[in-house]
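Novice: got a predicted structure plus its sequence, pasted below:
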Amino acid sequence: MIRVVLPAHLKTLVNVRSEIQLEVEGIASQRSVVDALEGRYPVLLGTIRDPTTKRRRPFVRFYACEEDISHDDPEAPLPAAVVSGDEPFFVIGAMAGG
Amino acid sequence: MSGVRVLVGTRKGAFVLRSDGRRKDWDVSGPFFGGWEMYHIKGSPVDPNRIYASQTTGWFGQLIQRSNDGGVTWEPVGNQFNYDGVPGTHQWYDGTPHPWEFARVWHLEPSLSDPDTVLAGVEDAALFQSTDGGQIWSELSGLRNQDSGSSWQPGAGGMCLHSIIVSPKDPDRIFVAISSAGAFRTDDGGKSWRPINKGLHSEGLPDEDAEVGHCVHHITMHPLKPDTLFMQKHWDVMRTDNAGDSWVEISGNLPTDFGFAIDVHAHEPETVYVVPIKSDSEHYPLDGQLRVYRSRSGGNEWEPLTKGLPQSNCYVDVLRDAMSVDSLDRCGLYFGTTGGQVYASNDEGDSWEAIVRDLPAVLSVEVQTLA
C-alpha cells in the first residue's frame, strides 16, 4: 500500500482532505503510482503529467524520504520506506511564483 | 422575472454575479476553482443552465469544467486537446520552426443550437470542437493546416486563438481571430479556412498590408448583421461589411485606438463600444481616466462614457474577453478590469457602477440574460 500526498489544488479536484492510500500492481515506481492515481481519479489525467508523453509537468515535483526524486527514472522502484507505507510519496506543486 | 447572470473569470478563480432585471442589487458567489486561472466561462444560448469554463494553471495544466445548473455546481469534463495528426511547426520568436504545443484554452464558444456542442480556441493557436458536452475534443485542423499556418508566430501574449464567432445565418460559417496571425473564416463548417485580413495595416510588420501576421485583439458581431464584424486590432478599430473580405478603419476621433475589448449593443447593430488603452507598452487608460467609448454610427464618431467610472488615478487594463452585453431593455454592459473591478451599466453605458471592486485580475466577463 502506497501513501500519496497531493498538493492542495489536486486534493480539491479529487475531493480528499488527507493522504490517499493506493494499491499498486507490480513494482511501485513513479509511473505505476501515477498510473494508479489516474486510474482511481480520472480527473487527474493531464494535471501531473502529459497524458500522451507521460512526462511530468514542469512545475510538478515528486518527493520521497526527504529527497527530490523528480529526475529519477520514472520506472525505477520507489524507496523501500515508500513501498512499505512508512513514508508517503509526495506530489508537489513547485514554488514558482503566482 | 427576468434577470442576468454575469460569469467572471479571474486570475485566481471564477465568480458568478446575479441580479434581477433592474440590475441594481447583486449577489456575488465564488470563488469557484480558487487559485486557478479561469480564462473564459460561457453559457449555452440554448440552455442557459449549461455553462462551460476553462480552468488552467502553469502547474497542473488544463481542465474544462461544466455546469448543468447555472453555475451552482460543476463537474470536470474532458481535458485532452491533441492536435490532429503530426502537428508540424509554426515560427518561434527567433524565426525557427517550433512544434505546435498545447498550452491552454482561451475561449469557449457554445453552439447556437446544441448545448452539447462547443468550440474551444486554444494556444498554440488551434480550434477544437466537442459534440458531447465537452468530454471529447477534436481539432478542426483545416485552420492550422491552411497555407499560412506554418508561418504564424506568437506575439508577446502567446499564439492564442481568442475569438470565435459562429454566424447565426449559416452555422457552417465561423470566424476566428488569432494573436498574432489575424482573422480567418470558414464557410464549410471548419474544413477549409482562409485569411480575412485585407485592409488591415500594421506598422510592426515588414509588409504592413500582409495577408497574415496582424495582431487582432478581438472581433465581435451583432446577430442581426452577420456580415458585419467589428475588430479591435493591436492598434486600430476596424469594421467589415462583407464578412471579412475587406476591412476599413473606424477609429475616427478615439483618443487612442489601442485596446483589447470591443462589443456591440444588443439591440442596435451600429452601436459599438470600446475601451481605449494608452498604448501597447502602457496597458492602462489615457490620463488615468477609465472611459468607455460608444459610437452610435458604426464607428468613426465616438463619445466618452465616464459617469460612475474613475476619472483619476486609474491604471487598470480591460482584457479582450472582459466586456459583454445583456439583451434586456435597456441594454446592459459589463466589463472587468485587471484591478479586479466589474463595472455594470443598466442604461447602455450612460452610467456605471461597480458590482464588485476587489476580485483578482479579471480575464473574462460573459453575461447571460435570463427569462
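Specialist: Arrived safely, thanks for sending. Numbering: from 1, shown residues only, chains lettered A, B, ... in the order given.
Novice: A:G39 is in what secondary structure piece?
Specialist: Using DSSP states H and E, A:G39 sits within helix A:30-40.
Novice: wait, does the next helix-or-strand element following that helix contact chain B?
Specialist: Following helix A:30-40 in sequence order, the next helix or strand is strand A:60-64 (DSSP H and E). Yes - counting by CB under 8 Å from any CB of the partner chain, chain B is contacted by strand A:60-64 at A:V60. C-beta coordinates here come from the backbone N, C-alpha and C atoms, glycine included.
Novice: list the contacts of the following helix or strand past strand A:60-64.
Specialist: Following strand A:60-64 in sequence order, the next helix or strand is strand A:67-68 (DSSP H and E). Contact with strand A:67-68 is made by A:61-62, A:79, as judged by CB atoms under 8 Å, 6 or more residues apart in numbering or on different chains.
Novice: mind listing the residues bridging to B:L161?
Specialist: With DSSP bridges as the criterion, B:L161 is bridged to B:I178.
Novice: same check on the one 4 residues further on?
Specialist: When bridges are taken as DSSP bridges, the partners of B:I165 come out as B:F175.
Novice: contact partners for it?
Specialist: Listed by CB under 8 Å, 6+ apart, the contact set of B:I165 reads B:109, B:174-176, B:219-221, B:229.
Novice: how much space between it and chain A?
Specialist: Remark: distance between B:I165 and chain A (CB to the nearest CB, to the nearest Å) = 28 Å.
Novice: go on, B:E366?
Specialist: Note on B:E366: its distance to chain A, by CB to the nearest CB, is 24 Å.
Novice: coming back round to it: let's have the contacts of B:I165 in JSON lines, adding pLDDT and neighbour count.
Specialist: Output for those, formatted as JSON lines (pLDDT from 0 to 100; neighbours: other CB atoms under 10 Å in any protein chain shown):
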{"residue": "B:E109", "pLDDT": "98", "neighbour count": "21"}
{"residue": "B:I174", "pLDDT": "98", "neighbour count": "24"}
{"residue": "B:F175", "pLDDT": "98", "neighbour count": "23"}
{"residue": "B:V176", "pLDDT": "98", "neighbour count": "30"}
{"residue": "B:I219", "pLDDT": "98", "neighbour count": "25"}
{"residue": "B:T220", "pLDDT": "98", "neighbour count": "22"}
{"residue": "B:M221", "pLDDT": "98", "neighbour count": "22"}
{"residue": "B:L229", "pLDDT": "98", "neighbour count": "27"}
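Novice: which one of those is nearest chain A?
Specialist: Closest approach to chain A among the contacts of B:I165 (CB to the nearest CB): B:E109, at 21.7 Å.
Novice: tell me the secondary structure at that closest one.
Specialist: Here B:E109 takes the strand state, with states given by DSSP: H, G, I helix; E, B strand; the rest coil.
Novice: how about the one 10 residues further on?
Specialist: Per three-state DSSP, the secondary structure class of B:L119 is strand.
Novice: residues near it, how many?
Specialist: Neighbours of B:L119 under the rule other CB atoms under 10 Å in any protein chain shown: 23.
Novice: and chain A, which of its residues are near chain B?
Specialist: Within reach of chain B by CB under 8 Å from any CB, chain A has these residues: A:7-10, A:13, A:43, A:45-48, A:51-52, A:57-60, A:93-94, A:96, A:98.
Novice: just the buried subset of those residues, written out for PyMOL, thanks.
Specialist: Listed next is the PyMOL selection for buried residues among the residues of chain A next to chain B, using 16 or more other CB atoms under 10 Å in any protein chain shown:
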select buried, chain A and resi 7+9+10+13+43+45+46+47+48+57+59+60+93
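Novice: and the pLDDT for B:D114?
Specialist: pLDDT, B:D114: 98.
Novice: and the closest residue to it other than its chain neighbours, what's its pLDDT?
Specialist: Distances taken as CB to CB, 6 or more residues apart in numbering or on different chains put B:V46 closest to B:D114, at 6.6 Å, once the chain neighbours are dropped. B:V46 is assigned a pLDDT of 97 by the prediction.
Novice: so B:K24, which of the three states?
Specialist: When classified by three-state DSSP, B:K24 comes out as coil.
Novice: great, nothing more from me.
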